[in-house]
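> everything below, folded, please.
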Amino acid sequence: MLLRAQELSSIFSISSTSHCTICSNHSPSESLILSMRTAFGPLTLLRTLTLSCFHPNSRHIHRHSLLRTTSVETTGRVPRFLQRPLSTSADQLAIEAQNCGLEEAYVESEGFTFDSCLASTDLKHLSSTSFEVKELEELPEQWRRSKVAWLCKELPSHKPATLIRILNAQKKWITQEDCTYISVHCMRVRENEAGFRVYKWMMQQHWFRFDFALATKLADYMGKERKFTKCREIFDDIINQGRVPCESTFHILTVAYLSSPVQGCLEEACGIYNRMIQLGGYQPRLSLHNSLFRSLVSQPGGSSKQYLRQAEFIYHNLVTSRLEVHKDVYGGLIWLHSYQDAIDIERIISLREEMKLAGIEESKEVLLSILRICSKVNDVEEAERIWKILQSGNEIPSQAYVYKMETYAKVGQPMKSLEKFRQMKSPSTVAYHKIIEIFSKVQEIEFAESLMIEFRKSGLKPLMPSYIDLMEMYLNLGLHDKLGAIFSQCLEECLPNRTIYNIYLDSLVKIGNLGKAEEVFNQMHSNGAIGVNKRSCNFILSGYLSSGDHVKAEKIFDFMCQKKYDIEPSLMEKLDPVLRFKREVINKPMRLKLSKEQRETVIGLLLGGLRMESDENRKNHIIHFEFNENLPTHAVLKRHAYDQYHEWLNSFSKETDARNDDDVIPYRFSTIAHSYFSFYADQFWPSGIPMIPKLIHRWLSPRVLAYWYMYGGHRTPAGDILLKLKGNREGVERIVKTFKAKSFDCKVKQKGRVFWLGFFGSNSTWFWKLTEPYILDDLKDILKPGGQTVGNTMVETPNINFDSGSGSDGRASNYDDNDN
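Okay, here's the model as predicted:
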């Protein structure tokens, strides 16, 4: 049945805009946007489907100063953006993007809280332009019309591989005009994935000529479906052609990134937003400004503080575009400033003055932010003024008590801090942490111990921060017996971590109990969830040198050289006489080499989704360790991987060592570029894409499977095991055969580009028995199959129906490797 072109004309209008020449001689902030209209020459047998074409006003991109401020005039009327509830903020943005929805960002308790009136002004439709498509009935040959109509009907119903095979069979006769018509038809019937694959296949043909209008329309449709990866791919194609994408493409791609919970999407959204202004010369809609700003401050303060410059840039654009600045934008900026390590007092004063000029009262969130700033800069006078304002309200937030307690402590008045603590009706966990920290620092033993007893009886969790404060107080006072007792008590009530072990190890070395210290050090080293770091090694090295055990001191020295741990200068002075005869060895760099455990671990992580990057010549390669903050298994595994590959990490990834912070391990770190990783890059990442090696059946040892499970696996609520895998179908079949050879079966399900291997019933039990010896101790309760979920340690697992066959579902999982 032939498809009529008249049906096509009723729905298609391609969004576009004037194209701009990219001038490499200018920086992004100084680029002069040169407008030029894209002209489509008249073609015979073509009908033009025309809509309005948007042309941005010719203007310069001003150099933006993040500290630039502007007063906002107040009027007697209620601003338009206050007339709509917050629940429409995402919906309003979706209207702008033509039905591209924006999910509400999850706001944690420490995130900045917006009220219910952050919305945008009245909106106009996004710009669009003309698009020319050939009539099917106007094709000169009947056979061509029949074949094109058949492809329009057939291609959307096939899987990607079959679709490509069908297109390859048409190479002798098919043209770009035919492919354009097919791609447009697929978009018409909402088979956008098929349209995208036809477009990508068309780009690989020798006769292809870039079609800006088609690329724009396809990018917009992919973005509306939140397929940000494919939308970004077309966006980059447009940039690579020397064109500037349409305003709609910038807008929709930013929305698609904001709609995704995947790590890194917020940073990408910021990058697209910035390029929209600096490269495209566009003026984003008010709702886009507000939605991006809201996403920046919706995370906990410690996570959001890195976005201060971006938030200031959004504010600058609001002011220079003469758009109304919502009160929560002011509040959000002050909130971000309050979490910075170095407080910019002048900027905060400026923002508060601008709020006053705009007639905006300081909300409770703003007052709390000011109180947090006072606790950092020791401003008791301003803190008292803010406290009186908060007292005039209904109820004082618990955070305000904590900040007031900290302010008094900073000026040497801990008893006033205790007075504020006692005024709380129901002290929170954070309040207990703060008051115990205050009295531990001033070494008031009786107060600290009594407060700790009260904290334990309250049933609040976690207790670990307060235990650490008490142990550090005992260490500084030389009360090593009490320190040992509190250490044992901590192990009974809390999961152990490296910080308390390091404090206990330091105490044992100082009192000369080297035997116990060596036992504790070995226990830390053997426990992958705890591990040792440079502090641990320096402590035990100091003990060996003090006791004159030079043989063990040399072994620790060699271990520290292997892991590239820094040795304290005072210890190096003691080591010099011991290692004088090995001076040449000391100065000679050690050759990096992966151990057997490291080799098996990296294979398991690569199967689970670890990413590699190679240089242009594929001589040197980098391993990128990326962990998901929302997965409890990754929170434990990242520390173990960081310690295990410490000697391979680049200097940027080792910033944690410089801070001597045991608890802050980044969720993303990378190795140095090295040729040693060539084997893994050639086997698992040839041509820069993930693949399954042909010899994978030789490498599936129990340790490999264990790390694959910990990194890319999940335990379902029913107690079964799922493993995530990216690669080709042939490789998956080889892995399945290997499992069968190990006497347990698995089911396979493909979702997008990701394969899921499911182990059910007794098969999950056998898999667990095989891998349990290599699972980290802290993860065994989380990952053990069968039984009930322990506490709230499990996150939502992928919804995969293995009974529906192993074909593609058309959508990927909700994790980092999703097929957007």
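
> assign the residue nearest to the spatial centre of the chain to helix, strand or coil.
When the chain is reduced to its mean C-alpha position, the closest residue under C-alpha atoms, centre = their mean turns out to be residue 263, at 2.5 Å. Classification of residue 263 into helix, strand or coil gives coil, according to DSSP: H, G, I helix; E, B strand; the rest coil.

> mind listing what it touches?
626, 628, 629, 667, 816 (C-beta atoms under 8 Å, 6 or more residues apart in numbering). All C-beta atoms are positioned from the backbone trio N, CA, C, and that covers glycine.

> how about the strands in this structure?
Under the criterion DSSP state E, the chain contains strands at 19-20, 35-36, 46-49, 131-134, 611-614, 621-626, 668-670, 713-715, 721-726, 747-751, 754-759.

> reformat those strands as a markdown table; add mean pLDDT, mean neighbour count and distance to residue 387.
Output for the strands of the chain, formatted as a markdown table (pLDDT from 0 to 100; neighbours: other C-beta atoms under 10 Å; distance: least, C-beta to C-beta, whole Å):
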| stretch | mean pLDDT | mean neighbour count | distance to residue 387 |
| --- | --- | --- | --- |
| strand 19-20 | 36 | 20 | 54 |
| strand 35-36 | 30 | 14 | 55 |
| strand 46-49 | 30 | 14 | 65 |
| strand 131-134 | 67 | 21 | 62 |
| strand 611-614 | 90 | 18 | 50 |
| strand 621-626 | 92 | 20 | 44 |
| strand 668-670 | 90 | 18 | 40 |
| strand 713-715 | 90 | 24 | 47 |
| strand 721-726 | 91 | 23 | 51 |
| strand 747-751 | 87 | 19 | 54 |
| strand 754-759 | 90 | 22 | 53 |
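
> nearest approach to residue 396 belongs to which of those strands?
Ranking the strands of the chain by distance to residue 396, with C-beta to C-beta as the measure, places strand 668-670 first at 38.6 Å.

> export the strands of the chain as a markdown table, with columns for distance to residue 767.
Rendered in a markdown table, the data for these read as follows (distance: least, C-beta to C-beta, whole Å):
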| stretch | distance to residue 767 |
| --- | --- |
| strand 19-20 | 56 |
| strand 35-36 | 61 |
| strand 46-49 | 57 |
| strand 131-134 | 53 |
| strand 611-614 | 25 |
| strand 621-626 | 24 |
| strand 668-670 | 29 |
| strand 713-715 | 10 |
| strand 721-726 | 6 |
| strand 747-751 | 13 |
| strand 754-759 | 5 |
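
> quick one on the thing from earlier: any idea how far residue 303 is from the residue nearest to the centre of the chain?
According to C-beta to C-beta, to the nearest Å, residue 263 and residue 303 sit 11 Å apart.

> then residue 400?
To residue 303, residue 400 is 22 Å away according to C-beta to C-beta.

> of these two, which one has the most company?
It is residue 400, of residue 400 and residue 303, that has more neighbours when counted by other C-beta atoms under 10 Å, with 22 against 14.

> check what pLDDT that one gets.
pLDDT for residue 400: 93.

> cool, residue 632 as well?
Predicted confidence (pLDDT) at residue 632: the value is 86.

> excluding chain neighbours, give the residue nearest to residue 318 in space.
Counting by C-beta to C-beta, 6 or more residues apart in numbering, residue 325 is the residue found nearest to residue 318 once chain neighbours are left out, at 5.1 Å.

> go ahead and confirm the one you found touches residue 317.
No: checked against C-beta atoms under 8 Å, the pair residue 325 and residue 317 is beyond contact range at 10.5 Å.

> okay, those two: which has more neighbours?
Per other C-beta under 10 Å, whichever of residue 325 and residue 317 has more neighbours is residue 325, with 22 against 18.

> please name the residues that touch that one.
With contacts defined as C-beta under 8 Å, 6+ apart, the neighbours of residue 325 are 72, 315, 318, 319, 358.

> pLDDT score assigned to it?
pLDDT, residue 325: 91.

> ok, now residue 615?
Each residue has a pLDDT score; the one for residue 615 is 86.

> what about it, how many neighbours?
By other C-beta under 10 Å, the residues close to residue 615 number 11.

> just give the nearest non-adjacent residue to it, would you?
What sits nearest to residue 615 in space, not counting adjacent residues and going by C-beta to C-beta, 6+ apart, is residue 673, at 6.7 Å.

> hang on, the one you found packs against residue 618?
No: the criterion here is C-beta under 8 Å, and residue 673 misses it with residue 618 at 11.3 Å.

> can you list the weak-confidence ranges in the stretch 701-820 of the chain?
Counting by pLDDT under 70, the low-confidence segments of the stretch 701-820 of the chain come to 787-820.

> if you set the cut-off to 90 instead, what comes out?
716-719, 726-731, 738, 740-746, 749-754, 761-765, 777-778, 780-782, 784-820 (pLDDT under 90).

> now the end-to-end length of stretch 159-176.
With C-alpha to C-alpha, to the nearest Å as the measure, stretch 159-176 spans 22 Å from end to end.

> what average pLDDT does that stretch get?
Rounded to a whole number, the mean pLDDT of stretch 159-176 is 91.

> for stretch 693-713, which positions count as buried?
Taking 16 or more other C-beta atoms under 10 Å as the basis for neighbour counts, the residues of stretch 693-713 that come out buried are 693, 696, 700-713.

> nice, that's everything, thank you.
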